[in-house]
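Undergrad: Fold the stuff below for me.
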Amino acid sequence: MGKKIYVGNLSYETSDASLFDLFSAHGQVLSARTIVDRDSGRSKGFAFIEMGTDDEARSAIAALNGTELDGRQLKVNESIDKPRTNDRY
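TA: Numbers count the residues shown, from 1 in each chain. Predicted coordinates for the structure are as follows:
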């Protein structure tokens, strides 16, 4: 288990600040970053949260998965890093 959390099914209006506040109830939030489309600047509907410890991350996942924020039911789970490839030429 890592300290990084994936949050999916976000409303396009959900802000980094609202995610920071929501997750702060479960421990120290090191970062809350909503992923945005490079071209349009619009949210892609998911974010990554980094908690202070693994235990805080587990607590936040258990407490917040399936809860509602901005009219959407959140999908909260451990973030799994995908291996990076150097396929760009």
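Undergrad: longest single helix anywhere in this protein?
TA: helix 54-64 (DSSP state H).
Undergrad: So what's the gap between the following helix or strand past it and the chain middle?
TA: Next helix or strand after helix 54-64 toward the C-terminus (DSSP states H and E): strand 68-69. Relative to its chain's centre, strand 68-69 lies at 13 Å (C-alpha atoms, centre = their mean, to the nearest Å).
Undergrad: swap in stretch 76-84?
TA: For stretch 76-84, the distance to the chain centre is 11 Å (C-alpha atoms, centre = their mean).
Undergrad: Kindly report the same for stretch 22-35.
TA: Counting by C-alpha atoms, centre = their mean, stretch 22-35 comes out at 8 Å from the chain centroid.
Undergrad: now swap in stretch 71-79 and tell me
TA: The answer for stretch 71-79 is 8 Å, by C-alpha atoms, centre = their mean.
Undergrad: quick one: contacts of that stretch?
TA: For stretch 71-79, contacts defined as C-beta atoms under 8 Å, 6 or more residues apart in numbering pick out 1-2, 4-11, 14, 48, 57, 60-61, 64-68. Yep, even glycine has a C-beta here, placed from its N, CA and C like the rest.
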